[in-house]
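J.: Pasting a predicted model and its sequence here:
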Amino acid sequence: MQPRIVVTRRIPDPALELLARAGKMWLSPHDRPLTRTELQRSVSGADALVTLLHDRVDGPLLDAAGPQLRCVANVAVGYDNIDVAAATERGVVVTNTPGVLTDATADLALALILAVTRRLGDGERLLRARIPWSWHMFFMLGTGLQGKTLGVIGLGAIGQATARRARAFGMNIAYTSRRPAPREVEAELGGARRLPLDELLSTADVVTIHVPLSPNTHHLIDAERLRQMRPEAYLINTARGPIVDERALARALKTQELAGAGLDVFEREPEIDPELLELDNVVLVPHLGSATVETRTAMAVLAAQNVIAVLRRERPPTPINPEVLDPAGAPAPGA
């Protein structure tokens with residue numbers, strides 16, 4: 001009997017083709033997130049789920065799928081939408097898609113840095129509004145990056161890739177992380193300095209966030225930490241929205257306690273704090289960090305490869321909860 005594979009929303013065709021060959025695939029007919037009721041109905045009897053970041057996968061949903069469920073493959077590097085402990089308790093392998101979106105996300109982080117520091121949004125809005133203008137020495141002055149300090153919160157793969165790009169613009173690198181980066185990484189980044197978070201916030205010219213969302217990082221950047229930043233500094237977030245207290249950020253930008261911000265992610269997506277929408281010193285884009293054809297295709301294909309490996313009782317490429325696997329690396333019997 002062919003395994004049942006549920007895909008909660010359309011993903012790139014190369015991944016769908018792989019999954020269609022691996023089992024009986026059900027693909028949501030809706031180009032939107034499924035409602036909770038729709039999601040619970042669709043997963044019934046599934047052997048594998050392919051989920052996206054808007055799908056909440058918790059104990060009740062896993063139980064709705066049934067005891068035969070073996071894999072939840074999240075098409076994202078972050079997996080804060082999945083209750084991994086609940087999946088592990090039920091012997092379900094959870095996977096994600098790290099690595100393949102590193103460069104695309106780092107590119108966007110740097111794009112946001114350039115957009116907000118050089119006031120590109122301001123300039124485009126002025127032209128589209130057909131407001132009369134003329135060039136002069138003080139027209140729409142921004143700030144350069146050469147010799148400035150980029151403070152990286154979380155020097156993982158994406159944080160490192162962003163820092164490398166910033167080095168090409170002449171920036172110095174400081175970072176905060178649970179453990180020191182390897183010396184060769186610090187050297188490659190021009191002698192990157194590891195600082196406590198409070199010191200990094202108080203000294204960096206641009207702060208960019210690259211940590212996963214967890215109970216420890218929820219509102220990591222709150223009103224108090226925003227006050228630690230310099231009035232001339234900028235905040236960039238391409239990680240997860242709830243890491244930043246969005247309302248506190250809007251207040252800081254409105255009162256010019258902070259020079260500007262660039263946001264790709266939001267606390268209550270797709271909603272955005274209305275105050276942010278009224279401000280000119282923040283660049284807002286709709287979760288585009290991995291939004292290239294090449295990257296989204298690679299993410300989906302990796303998720304499909306994870307599903308196929310688990311269904312074949314082989315080790316998936318990128319498991320989140322490897323303790324569910326047996327010592328040989330395959331899903332444990334009964335999982």
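T.: Done, it's in.
J.: Could you check how far L235 is from V282?
T.: Distance of L235 to V282, computed by C-beta to C-beta, to the nearest Å: 9 Å. All C-beta atoms are positioned from the backbone trio N, CA, C, and that covers glycine.
J.: likewise L120?
T.: From L120 to V282 the distance is 12 Å (C-beta to C-beta).
J.: ranges for the helices of the protein?
T.: 13-22, 36-42, 59-65, 84-89, 102-117, 120-128, 157-168, 183-188, 197-203, 223-228, 246-254, 274-277, 293-311 (DSSP state H).
J.: which ones are touching L62?
T.: L69, V72, D83, A86, A87, R90, V92 (C-beta atoms under 8 Å, 6 or more residues apart in numbering).
J.: can I get the helices of the chain in JSON lines with distance to R4 and mean pLDDT?
T.: JSON lines is the format used below for these (distance: least, C-beta to C-beta, whole Å; pLDDT from 0 to 100):
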{"stretch": "helix 13-22", "distance to R4": "11", "mean pLDDT": "98"}
{"stretch": "helix 36-42", "distance to R4": "10", "mean pLDDT": "97"}
{"stretch": "helix 59-65", "distance to R4": "9", "mean pLDDT": "98"}
{"stretch": "helix 84-89", "distance to R4": "17", "mean pLDDT": "98"}
{"stretch": "helix 102-117", "distance to R4": "32", "mean pLDDT": "98"}
{"stretch": "helix 120-128", "distance to R4": "46", "mean pLDDT": "96"}
{"stretch": "helix 157-168", "distance to R4": "34", "mean pLDDT": "98"}
{"stretch": "helix 183-188", "distance to R4": "44", "mean pLDDT": "97"}
{"stretch": "helix 197-203", "distance to R4": "46", "mean pLDDT": "98"}
{"stretch": "helix 223-228", "distance to R4": "46", "mean pLDDT": "98"}
{"stretch": "helix 246-254", "distance to R4": "39", "mean pLDDT": "98"}
{"stretch": "helix 274-277", "distance to R4": "42", "mean pLDDT": "96"}
{"stretch": "helix 293-311", "distance to R4": "10", "mean pLDDT": "98"}
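J.: do you know which of those lies nearest P3?
T.: helix 293-311 (5.2 Å; C-beta to C-beta).
J.: Not counting sequence-adjacent ones, nearest residue to A166?
T.: L150 (4.5 Å; C-beta to C-beta, 6 or more residues apart in numbering).
J.: Is that neighbour bridged to anything, and to what?
T.: I173, V206 (DSSP bridges).
J.: got a pLDDT number for it?
T.: If you check L150, the pLDDT there is 98.
J.: now swap in A330 and tell me
T.: pLDDT, A330: 65.
J.: OK, contacts around A22?
T.: By C-beta under 8 Å, 6+ apart, the contact list for A22 reads P3, I5, A304, V307, I308, L311.
J.: Quick check: the gap between it and G262.
T.: 40 Å.
J.: distance of Y175 from V50?
T.: Y175 is 34 Å from V50, by C-beta to C-beta.
J.: Name the residues of stretch 186-202 that come out as buried.
T.: For stretch 186-202, the buried set under the neighbour-count rule, 16 or more other C-beta atoms under 10 Å, comprises E186, E188, L189, A192, R193, L195, L197, L200, L201, S202.
J.: Same list (the residues you listed) but as CSV, adding distance to W26.
T.: As requested, these are exported to CSV (distance: C-beta to C-beta, whole Å):
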residue, distance to W26
E186, 48
E188, 46
L189, 46
A192, 47
R193, 51
L195, 49
L197, 45
L200, 47
L201, 47
S202, 52
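J.: What is the nearest of those residues to R247?
T.: Once C-beta to C-beta is applied, the member of these that ends up nearest R247 is L201, at 18.5 Å.
J.: pretty sure that closest one is touching R227, no?
T.: No: checked against C-beta atoms under 8 Å, the pair L201 and R227 is beyond contact range at 9.2 Å.
J.: Spatially central residue in this protein, please.
T.: Nearest to the mean C-alpha position of the chain, by C-alpha atoms, centre = their mean, lies A239 at 3.9 Å.
J.: What does the pLDDT read for the residue nearest to it when sequence neighbours are not counted?
T.: Of all residues not flanking A239 in the chain, I209 sits nearest, at 4.7 Å (C-beta to C-beta, 6+ apart). With respect to pLDDT, I209 has a value of 98.
J.: That'll do, ta.
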